[in-house]
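> fold the following for me, if possible:
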Amino acid sequence: MRFLLAAFALLSALPVGALAKEVDYAEHVTGSGPVTIDPAKAYIAFRILQKSEFRFERLPSEEEIAQYRRDRDAALELYKKKKSDGAGFEFDPLEARFAVNTNLGKIFDKQGAHLVYLIAVKPGTYVLYGHMWQDGPGDMETCFCMGTVKFAAAAGKVADLGRIRMPDDWDLPAPPPNPAGILPFVLVPPEAPLQPAGRLQGLPVEPAVFRAMDKMPNSFGVVIDRLFPIPGVLAYDRDKVIDLQGPAPAR
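Just a heads-up that it's a prediction; the model follows:
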């Protein structure tokens with residue numbers, strides 16, 4: 001993991017220019033009938049009080065990072081045939097290649113006052129990267145670049161994140177000011193033991209196991225912030241991210 005974080009830092013320093021394309025939408029599970037789980041895909045479920053969009057980032061493998069660099073170098077070489085000094089060259093940042101956005105209208109279920117979103121993704125380790133729009137009003141676009149969480153999304157399983165509470169949610173009590181950031185985006189992990197409700201019943205749902213994620217590049221030019229601290233998971237010491245779960249197990 002140290003290699004991946006170092007690679008993110010190195011590649012974020014490269015001059016990629018403006019974002020050349022939008023991030024892809026995630027594959028959403030919607031409809032009203034029975035749900036068939038594809039054993040080759042991983043699934044992520046979360047609840048919000050109001051329709052909105054969030055961005056998830058899959059942490060790439062070493063080979064995927066190497067391929068990104070090869071693609072970027074090839075694109076730059078081709079660009080220099082037209083403009084020898086390379087000025088104005090644009091190439092999507094690393095985060096764009098491995099990110100997906102949720103779609104505010106693609107709702108899976110409604111549980112009480114909460115809307116449930118369910119997306120199908122490539123198995124891997126994902127980061128809750130930020131509150132970012134592909135469509136919609138574009139308000140409160142925020143990158144949790146200064147502190148967020150990561151979690152595993154396993155093939156054939158549903159990783160339940162719990163609820164993402166937004167700063168302007170209207171239910172009480174209102175979240176306190178974010179002691180570590182600007183806006184109180186609060187991730188509320190699911191209660192244990194997990195009791196899937198509604199259309200999630202009968203599916204292979206497991207509570208997401210969160211770990212603190214260190215700083216990431218703000219490659220999309222939005223407000224930089226960090227998640228509200230999460231007891232037992234995520235804390236801060238000034239600008240340092242603290243992983244309350246301790247060191248990751250050796251591979």
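
> which residue would you name as the spatial centre of this structure?
Central residue of the chain (Cα atoms, centre = their mean): residue 56, 2.2 Å from the mean position.

> who is that residue paired with across the strands?
Beta-bridge pairing of residue 56 under DSSP bridges involves residue 100, residue 128.

> what's near enough to touch it?
26, 44, 99, 100, 101, 102, 119, 121, 126, 127, 128, 129 (Cβ atoms under 8 Å, 6 or more residues apart in numbering). Using the backbone N, CA and C atoms, a C-beta is placed for each residue, glycine as well.

> by neighbour count, which of the residues you listed wins?
Among the contacts of residue 56, residue 129 has the most neighbours (other Cβ atoms under 10 Å), with 28 neighbours.

> you'd agree it is up against residue 142?
No: judged on Cβ atoms under 8 Å, residue 129 makes no contact with residue 142 at a distance of 9.8 Å.

> against which helices or strands is the helix ranked longest in the chain packed?
Using DSSP state H to define each element, the chain has its longest helix at helix 62-80. For helix 62-80, the elements it packs on are helix 2-12, helix 94-97, judged by 3 or more Cβ pairs under 8 Å, 6 or more residues apart in numbering; DSSP states H and E.

> pick out the shakiest of these, pLDDT-wise.
Sorting the helices and strands packed on helix 62-80 by mean pLDDT places helix 2-12 lowest, at a mean of 45.

> which one is residue 108 nearest to, not counting chain neighbours?
Closest residue in space to residue 108, ignoring its immediate chain neighbours: residue 118 at 3.9 Å, by Cβ to Cβ, 6 or more residues apart in numbering.

> that neighbour against residue 103, yeah?
No: contact criterion Cβ under 8 Å: residue 118 and residue 103 do not qualify, at 11.7 Å.

> contact partners for residue 181?
Residue 181 makes contact with 146, 147, 225, 226, 227, 228, according to Cβ under 8 Å, 6+ apart.

> what do you get for residue 235?
Contacts of residue 235 by Cβ under 8 Å, 6+ apart are 212, 229, 242, 244.

> which residues of the stretch 51-200 of the chain fall in strands?
55-58, 99-101, 109-111, 114-121, 124-131, 142-143, 148-153, 158-165, 186-188 (DSSP state E, counting those that start in this stretch).

> for those, which one sits closest to residue 238?
When these are compared by Cβ to Cβ, strand 148-153 sits nearest residue 238, at 16.9 Å.

> tell me what the closest one is packed against?
Using 3+ Cβ pairs under 8 Å, 6+ apart, the elements in contact with strand 148-153 are strand 42-48, strand 124-131, strand 158-165, strand 211-213.

> again, only using 10 Å
Here strand 148-153 touches strand 42-48, strand 55-58, strand 114-121, strand 124-131, strand 158-165, strand 211-213, strand 240-243, going by 3 or more Cβ pairs under 10 Å, 6 or more residues apart in numbering; DSSP states H and E.

> report pLDDT for residue 1.
46.

> ok, now residue 173?
At residue 173, pLDDT is 84.

> separation between residue 215 and residue 178?
Distance from residue 215 to residue 178, counting by Cβ to Cβ, to the nearest Å: 16 Å.

> same question, residue 223
From residue 223 across to residue 178, the span is 12 Å (Cβ to Cβ).
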